[in-house]
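[1] build me a structure from this.
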Amino acid sequence: MRKRKVLIEWDVRNEIDNAIMERMQTAADLCLNCENVKIPCAVTVCLCDDAMIADINRQYRGIDRSTDVLSFPSVNYPEGKTAGDSEALLRQEYDDEYDAAFLGDLFISVPHLIAQAQEYGHTVKREAVYLLVHGICHLMGYDHIEEADKERMRAMEEKILAAASVSREEHDAADDQLLLSKAREAMTRSYSPYSSYPVGAALHSTDGRIFTGCNVENASFGLTNCAERTAVFKAVSEGVRSFDMLAIAAKTKAWPCGACRQVLNEFAPDLRILVTWDDHVEEKTLKELLPEGFGPHSMEH
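    Predicted coordinates for the structure are as follows:
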């Protein structure tokens, strides 16, 4: 197993997908690589909600609102110096509990990062990794108050994100493959004795979770439920109502039926949809499949 260079002590108050946390850990390790820090370091990361981060923001910064990430460095770097220039200072912060130099504490609001990912049009994973990298850069002595400092910090952030293979434009190919695999797996659980046409669906929520579904037929044909709606209803029953991607697997190319398009439009009008059959994959958006769709926004006065 690869040795961790940054020990992260997680305090998870708002859950996020484990795969995203793994990617954050990898990016944390790369922070030290890119900064050329040669000794092990440790940080605490609290994944919290908007209320908690707003309270901390008010208490420690006198700003009465929520934000995405807050950083509390433990190292007081000389002006113009960062962690890579300050090994002796880092060694002074050695903590027996972590067996590493303690860099400080980070607080990240999960609802805030999800909202920002939607606003900026990239993945939750990309936003989560960026906020962690931004926070660790602060813990390593970077700042963005002055324009020159801002450029320097931004250059380091971009260097780390590039090393972690995280881009603004990414639709993570690994995410697509995972979702397609989940849809194919769900297809094997189909109950379709009347049509002999199994369908599986995998729905990706904006907090990184995946909900699967299959078609469930009935001797009274009208009671049959499609795989897509099974996945949606499962997610909503778990309290999840925000989605960014859906994968569907069937024997032939099978875009969602009209009823499923309408249900999907209720929660995710900007949804990406992948369909797979045999070795084929095609992609459309829900807006392409349901142009001028009627949804909650249609009832706004």
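[2] which parts of this structure are helices?
    18-35, 50-61, 87-92, 110-120, 124-139, 147-163, 173-187, 227-237, 258-267, 286-289 (DSSP state H).
[3] what residues sit buried inside the fourth one?
    Going back to what we said before, that points to helix 110-120. 110, 111, 112, 113, 114, 115, 116, 117 (16 or more other Cβ atoms under 10 Å). Every C-beta, even on glycine, is put in place using the N, C-alpha and C of the backbone.
[4] repeat that for the second one.
    For helix 50-61, burial by neighbour count (16+ other Cβ under 10 Å) applies to 50, 52, 53, 54, 56, 57.
[5] which residues does the nearest residue to residue 185 once chain neighbours are set aside bridge with?
    On the basis of Cβ to Cβ, 6 or more residues apart in numbering, the spatially nearest residue to residue 185 that is not a chain neighbour turns out to be residue 200, at 6.7 Å. Listed by DSSP bridges, the beta-bridge partners for residue 200 are residue 214, residue 249.
[6] for residue 200, give its distance to residue 223.
    20 Å (Cβ to Cβ, to the nearest Å).
[7] of the two, who's got more company?
    residue 200 (27 against 9; other Cβ atoms under 10 Å).
[8] any chance of a markdown table for the buried residues of helix 110-120, columns distance to residue 268 and pLDDT?
    Listed next are the buried residues of helix 110-120 as a markdown table, based on distance: Cβ to Cβ, whole Å; pLDDT from 0 to 100:
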| residue | distance to residue 268 | pLDDT |
| --- | --- | --- |
| 110 | 19 | 94 |
| 111 | 17 | 92 |
| 112 | 20 | 93 |
| 113 | 18 | 91 |
| 114 | 13 | 87 |
| 115 | 15 | 86 |
| 116 | 17 | 87 |
| 117 | 14 | 83 |
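[9] closest one to residue 217 out of the residues you listed, please.
    Lowest distance from residue 217 to those (Cβ to Cβ) belongs to residue 114, with 35.2 Å.
[10] possible to save the buried residues of helix 50-61 as a markdown table with distance to residue 159 and pLDDT?
    Shown next, in a markdown table, are the buried residues of helix 50-61 (distance: Cβ to Cβ, whole Å; pLDDT from 0 to 100):
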| residue | distance to residue 159 | pLDDT |
| --- | --- | --- |
| 50 | 30 | 95 |
| 52 | 31 | 97 |
| 53 | 27 | 97 |
| 54 | 31 | 96 |
| 56 | 29 | 96 |
| 57 | 28 | 96 |
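[11] farthest-apart pair in those, please.
    Farthest pair in the buried residues of helix 50-61 (Cβ to Cβ) is 50 and 56. Separation: 11.0 Å.
[12] still on that earlier bit, hey, which of the helices of the chain is tucked in deepest?
    Highest mean neighbour count among the helices of the chain (mean count of other Cβ atoms under 10 Å): helix 124-139, with a mean of 25.
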